[in-house]
Every structure is written in C-alpha cells, then in structure tokens.
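Participant: Just need the structure, nothing else, for what follows:
(2 chains)
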Amino acid sequence: MIVENTQTQMRKGILEYCILSIIAKGEIYASDIIAELKKAQLLVVEGTLYPLLTRLKNNGLLTYNWVESISGPPRKYYVLSEEGKIVLEQLDKTWQELVYAVQTAIGERK
Amino acid sequence: MNKTIIININGIVFHIEEDAYEVLKAYMTDVKRHFSSSADSLEITTDIENRIAEMFNETLANQNKQVIVETDVKLVIEQMGSVEDFESVENDEAKPAGSSTFGYNTERRRLFRDPDDHLVSGVAAGIANYFDIPAVWIRLAFALSLIFAGSGLILYIVLWIVIPKATSRADRMAMKGEKQDLKGFKKNFEDEMSMVKENLSNFRQEARPFVYKVRDFLGDFFTHLGTFLRGTGSFLGKLIGLVILLTCFGLAIALIIVFVGFVAFGKTDIYHIFPFNIVNEDTNMVFLFGGFLLLAIPLLTLILVTIGFLFKNATFNRSIGTTLLCVWLASLGAVVYYGARASADFKEGAKLSKTINIKATPNNTYYLQLNDAKYLSNEDSTRLRIKERFNGMIILDDDYNGDDFDHQDRVRIDIEKSDVTQPVLVESFTARGRTDEDALINARNISYRFIQKDSVLKFDRHLERLGRTMWRGQELHITLKVPLNAKLVIDGKLDRNLDLNLYSCLQANTPQNPAGSVYIMANEGLQCKIDTAALAAAAKADSIKNHLVPDTAKTEDQ
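Facilitator: Reported below is the predicted structural model:
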C-alpha cells in the first residue's frame, strides 16, 4: 500500500508537467493527449484526464478552441496560454533540478 | 431479438440495447456522483459524455452497424476508466464525497425478483437483496403472515405481479447494489462461474451455509413431490385441490349465512354482542360489511387460485388480483377506522355516586332478593298494552340473554359493615366516553332500580342503558352497608352479582332457611351463619385429627 501510494504521488506530480509539455507542442485533442500519455505509460484511462484539463484551464494555463468533427460532437482542441508557457518554463527548470537531485541521491546510494 | 432504446448524448442520437443502456446509465450516474463535489462537475461530465458519443460513433462506423450493444459500452467504459481509477489520480483539492468506501447502500439498489435464488417466484429473495438481509427472514415473515387471514398470500401475489424479474445482468447487479462497471461485471461473472461449478459438482455442498442447505432440501423436497405427483398421476393433486376448494366453499357459505343472518335477523340483537355493541347502529353496517369482505376476499382468492390450478385456466389474472386487493385494503381500512373511532369513545372515564338510605328494621334482619319482574318503560307498556292484555300478571325477566354476552351490564354488589345503625346503599356508576363530558353523560344514563319493601331488599340483575346509549364500559358497583350483627338472608338467585359462595353457605346453615343463605355481619366482615353446636363439634373433630397425625408420625419414626 505504501509503495502504491508513493508511486501515485510521484505520478501525480509529473502528470501535469507532462500534459503541459504535450500541449506545448501544438494544438491537440484530449484523446491524442491520452494516446501520448499511454505511450509514456503515465495514464491508462481517459476519464482521469478531463478533470485535470478543466482545472489547468480554470487556472489560466490552458485555453481551447472548438473544432467541428465528422465523427461526433465538436471537439475541444487545447493550447497553452501565455501564462501556461511561463509556468512551463518554470517547471522545466524545476524538473532539471529534480533530475539532478534524484540522480545525485541514487548515485550516492550506488 | 433485443429491445433497443433511443438515447441522446449532447445532441447526437444513438440506438442502444436495453441492457447496454442500463450499464451506461449506471456508469454515468457514478461518474456524475463522483464529480458532483467539484465546481467544474458539469464541464467535466460533458467532456466525458462527448467523448463517449464520439467513441460510439467510431464503433458504429468501424463495425458498420446501427445499434450499440453491451460489449461496446463495456469497451468504452474500459477506455474511459471506472470511478476507482479516477480516485487514484485525484489530488487533494478535488476529493470526491467518497461513497464507495461505505460498501452497500440501498438507495442505489433496485427491487427485482431474483431468478437465481427463488423458492416460488423470487419475491422474497428480491426484497432481501434490496435490504441486504438473508432471504430466509423475508420468507419467514411471509409464512407467518399467512396466519392472518391469508393477507401475506395476497401481498405476495401482488408483489409477484408488480415487481419485475431481474432478466439482464445489469438488473441483477442493480438488484444487489453492485457497481455496474467492469469490476462489478467481473465479480458478477465470477459469481456465475462459481455457481455453475457448484452445480456441476457436489463436493462443496458441505461448505455451503445452512440457509442454502435448507433451500436445497426444500428444492429437492418439492422436486420429489412434483415427481411423485406426476408419477401417481395428477389425481392426488387434484384431490387435494378439490378438498381445499370444498373447504373454502363451505367456509364461504358459512360466512355468507352468518353475514345475512346478522343483516336480516340481527338488526337489533347483534348490538348486544361484542364488538358490534361498541359501534353506532348507523355505522354498524359498514363495520359488518367491512369485516365480511376482510374474511371473504382471501377465501375467494384461494378459491380462484385453486380453480385455476385444477382446471388449468387462468381465472386469476392481474386485474382481478389488483381489484380484490384494493377492495380488501379498503375493507381493512374501514374496519380499522371504525374500530379506532369506537375505541376513542373509551378514552375518558367518569364516576357518579349515589347514596340511598335504607329503613332499618326492628329485628335487624334483611332479605336480599333478585327483582325478577321485567322492567318495562312507559313506551313498552303502551306498546304491549299491559293494562288490557296482561292485567294482574307479572312479566318476569327470565334472563334470557343473560349469558356471557351481556355480562358487561351486570351489577356487582358488595356488603360491608356500617359504622352507624342506619343501613345505606351506595350506588357508584362508572362509564367511559370520548370526553369527560361524554363519559359523565354515559354514566348518568345508567338506570338502576332498587326496591325496599319492609325487610325485603330487591335488586335488579342488570343496569339499563337509557335511550340509544352505546355500551361504553358502563358499570354499577353497589355497596350495601349494614350495621354490626345485622342478619342477611340472601336469595340464591343473586349468586351472579355477589362475590359470596351462597351455595356452600346454604349447606352450612342449620336449619336451612328457605328464603336463602343466612349471613351475619361480624366485626371482621360478613360471616356465614353456622350453627354454634355444629361448629364446636367440627372444631373438636379437627383437633382430634390434628393430634392424631403427629402421634402416628412418631410411631412410624420408631
């Protein structure tokens, strides 16, 4: 249980960073985000993505455009807002620091 | 062939099979509940719904079909993830009002007849599932309720008609309150598999709980009984049915005779009989009719069902059943209502007391007698034309209806010692009523005649209720107070009113007084007058006996 809990906490922290990174590559649809996350084995089910996207959007990091679709209702295509880009840059920096910290810690252990 | 439903997901129309719809609906309900605590609930669920609609569209296009089936829904849910999956990714601020940890809750359950765990039609098992208790209790309750005029049977049949059978797997899960997502399906599927396994082999029979063993036993019993009945031909079954039918007919006829008898003949007489004496005459017909229907309808149902069984025709269908039940409930309501209204008339009590002076006789002897002349009111006298037709005759109160029925109007007489030489009679009337005032009026409307003729005191056996006063617990308690050493000669006919053993006293009296048992008022109360010589002899005999007993005991010891 403790292991699972820690894993969940770790994933949670980097999930938002990854989502922002994926969206930063260009306008993207939710199921395509999922496809990338699945490939990275970060997230398995789609349902969990929507609350995250909604929250990031409400925090002003994302915006979306409605795009008509042939296979169903109009789709939301997400893009980073200006604020989102700034936040992402900060996160990039933090991530580099984390990578260094973790590598140092692991290195010392080995 | 399956029934399909047309649904609309955010403006897009789908044809979906009923089972699939149930699963989808349960899933969406779960999702909505999960996000209900979040401020963005609407937006999130709309996103999810839109995505589901898109996935359905893709499925239909890819497989070139028109209807969404259960598998499609399951696949979509698998891709979208269950509520548990959401929870594992949630972060602290959006914690849902977690309900999943509390296990079963009945509000999500639906009432179905359980086809997997049934003795008759699965009604009891379905109810048990709904309340999450063992089915055996519900069955026991139904069995017990059969005692009460078969009301349980009617209820059971109606529930059988009304409650749908759990046909689909989604129904069964809704019935047992399980989550209708993949996890639930897996559990359900595993349950089914294990049930099949159990049926295939009897190895695990011993490990099964007692209730199932009993069920198996009953199942076997009825199966064997069925085979037996088929084996010996349906003759025996029909014979039993015929016996039931004839018994029911007999009871029904008896019931009708009693009812008609009450209505036609009893018009006045039944008002002396409990419980009819407590209800107003106007409402009594409703009460009577309600009571009749209350008993007749279960009988009629049994007759119809038996006929249906005997002649294999469905005389007992849904509409007849519903009608009968409604009428039965209405009659039950009427009986309960009037019963309750009448019993409200017994709420308050009142008491009146009246003291009558009795003329003292010189020899201090009083003869207590029953006044057996029938009491006739002025109207009665006129109606019977007493003066012309019964001139010079006395009409006796022969206590014809003085059986157990009208003991309520009987008068109780106690005899006590008076502190003064003047003997008195205290009449204390009590009655009940809806209000204090009613009770008081009911008490005042009691009429009682006490007559003194020289040394003869005559008592009526009953009190009379004046006018149309109903029986409201009217009672009369008479206390006769006589001075010390007064001699009372009490007529044996007063036996029912007095708390004295008149007969044994009469036997003890020597010589016996033809007018009745003789009592003397002593300091410690009323005593039967016993000849002193005889008493002394008896006492002597007793003492001899008492002396002899220890002596013999001694000899035995040695």
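Participant: all strands for the stretch 451-558 of chain B, in order.
Facilitator: Along the stretch 451-558 of chain B, the stretches classed as strands by DSSP state E, counting those that start in this stretch are B:456-459, B:464-465, B:475-482, B:487-490, B:517-522, B:525-528.
Participant: In terms of secondary structure, what does the second one contact?
Facilitator: Okay, so that is strand B:464-465. If you count contacts as 3 or more CB pairs under 8 Å, 6 or more residues apart in numbering or on different chains; DSSP states H and E, strand B:464-465 packs onto strand B:446-447. All C-beta atoms are positioned from the backbone trio N, CA, C, and that covers glycine.
Participant: Compare the strands of the stretch 451-558 of chain B and give me the one nearest residue B:117.
Facilitator: strand B:475-482 (57.3 Å; CB to CB).
Participant: what does the closest one contact?
Facilitator: B:358, B:366, B:368, B:408, B:411-418, B:423-431, B:446, B:448, B:450, B:457, B:459, B:463, B:488, B:521 (CB atoms under 8 Å, 6 or more residues apart in numbering or on different chains).
Participant: Who's the closest spatial neighbour of whichever residue of chain A sits closest to chain B, skipping the chain neighbours?
Facilitator: Here chain A gets closest to chain B at one residue, residue A:45, 2.5 Å apart by CB to the nearest CB. Nearest residue to residue A:45, sequence neighbours excluded (CB to CB, 6 or more residues apart in numbering or on different chains): residue B:81, at 2.5 Å.
Participant: ok, now which ones touch that neighbour?
Facilitator: Taking CB under 8 Å, 6+ apart, one finds A:44, A:45, A:46, A:47, A:48 in contact with residue B:81.
Participant: cool, residue B:172 as well?
Facilitator: Per CB under 8 Å, 6+ apart, neighbours of residue B:172: B:112, B:114, B:116, B:166, B:188.
Participant: Reformat those as TSV; add distance to chain A.
Facilitator: Listed next are the contacts of residue B:172 as TSV, based on distance: CB to the nearest CB, whole Å:
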residue	distance to chain A
B:112	29
B:114	32
B:116	31
B:166	28
B:188	21
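Participant: I'd say residue B:431 and residue B:349 touch.
Facilitator: Yes - look at residue B:431 against residue B:349 with CB atoms under 8 Å: they come within range, at 7.4 Å.
Participant: who's more crowded, the two?
Facilitator: residue B:431 (27 against 16; other CB atoms under 10 Å in any protein chain shown).
Participant: Validate this expectation: that one resides in a strand.
Facilitator: Yes - under DSSP: H, G, I helix; E, B strand; the rest coil, residue B:431 sits within a strand.
Participant: any idea how far residue B:12 is from it?
Facilitator: Applying CB to CB, to the nearest Å, the value for residue B:431 to residue B:12 is 78 Å.
Participant: Which two among the contacts of residue B:81 are spaced furthest apart?
Facilitator: Across the contacts of residue B:81, the longest distance by CB to CB is 10.1 Å; it joins A:44 and A:47.
Participant: Mutual contacts of those two, please.
Facilitator: Joint contacts of residue A:44 and residue A:47 (CB under 8 Å, 6+ apart) are B:81, B:85.
Participant: if I pick the residue of chain A closest to chain B, what's in contact with it?
Facilitator: B:78, B:79, B:80, B:81, B:82, B:85, B:86.
Participant: Can you flag which of those belong to helices?
Facilitator: Taking DSSP state H, the ones among the contacts of residue A:45 that sit in helices are B:78, B:79, B:80, B:85, B:86.
Participant: Show the contacting residues for the second one.
Facilitator: Residue B:79 sits next to A:45, A:46, B:55 when contact means CB under 8 Å, 6+ apart.
Participant: again, only using 10 Å
Facilitator: A:31, A:34, A:44, A:45, A:46, A:47, B:51, B:52, B:55 (CB atoms under 10 Å, 6 or more residues apart in numbering or on different chains).
Participant: Number of residues surrounding the second one?
Facilitator: Going back to what we said before, that points to residue A:34. So residue A:34, with other CB under 10 Å, has 22 neighbours.
Participant: can you give me phi and psi for the nearest residue to it once chain neighbours are set aside?
Facilitator: Counting by CB to CB, 6+ apart, residue A:34 lies nearest to residue A:46, which is 5.0 Å off, once chain neighbours are set aside. Main-chain torsions, residue A:46, degrees, to the nearest 10: phi -70, psi -40.
Participant: Same check on residue B:415?
Facilitator: Torsion angles, degrees, to the nearest 10, at residue B:415: phi -120, psi 130.
Participant: That one against residue B:520, yeah?
Facilitator: No - with contacts counted by CB atoms under 10 Å, residue B:415 stays clear of residue B:520, the gap being 11.2 Å.
Participant: how many neighbours does residue 52 have?
Facilitator: You didn't say which chain, so I picked chain A. Other residues close to residue A:52 by other CB under 10 Å number 21.
Participant: Can you look at chain B instead?
Facilitator: 25.
Participant: Run the contact check for the strand or helix carrying it versus chain A.
Facilitator: Per DSSP states H and E: residue B:52 is located in helix B:41-63. Yes - for helix B:41-63, a contact with chain A is found by CB under 10 Å from any CB of the partner chain, at B:41-58, B:60-61.
Participant: what helices or strands is that helix leaning on?
Facilitator: Secondary-structure packing of helix B:41-63 (3 or more CB pairs under 10 Å, 6 or more residues apart in numbering or on different chains; DSSP states H and E): helix A:30-39, helix A:49-58, strand A:75-80, strand B:4-9, strand B:12-17, helix B:18-35, strand B:67-68, helix B:70-80.
Participant: at 6 Å what do you get?
Facilitator: helix A:49-58, helix B:18-35, helix B:70-80 (3 or more CB pairs under 6 Å, 6 or more residues apart in numbering or on different chains; DSSP states H and E).
Participant: buried residues in that helix?
Facilitator: B:41, B:43-57, B:59-60 (16 or more other CB atoms under 10 Å in any protein chain shown).
Participant: Which residues does that helix contact?
Facilitator: A:50-51, A:54, A:71-73, B:9-10, B:12, B:14, B:32, B:35, B:68, B:72, B:76 (CB atoms under 6 Å, 6 or more residues apart in numbering or on different chains).
Participant: Let's test this: mean pLDDT of it, rounded?
Facilitator: Averaging pLDDT along helix B:41-63 yields 87.
Participant: Which part of chain B gets nearest to chain A, residue-wise?
Facilitator: residue B:81 (2.5 Å).
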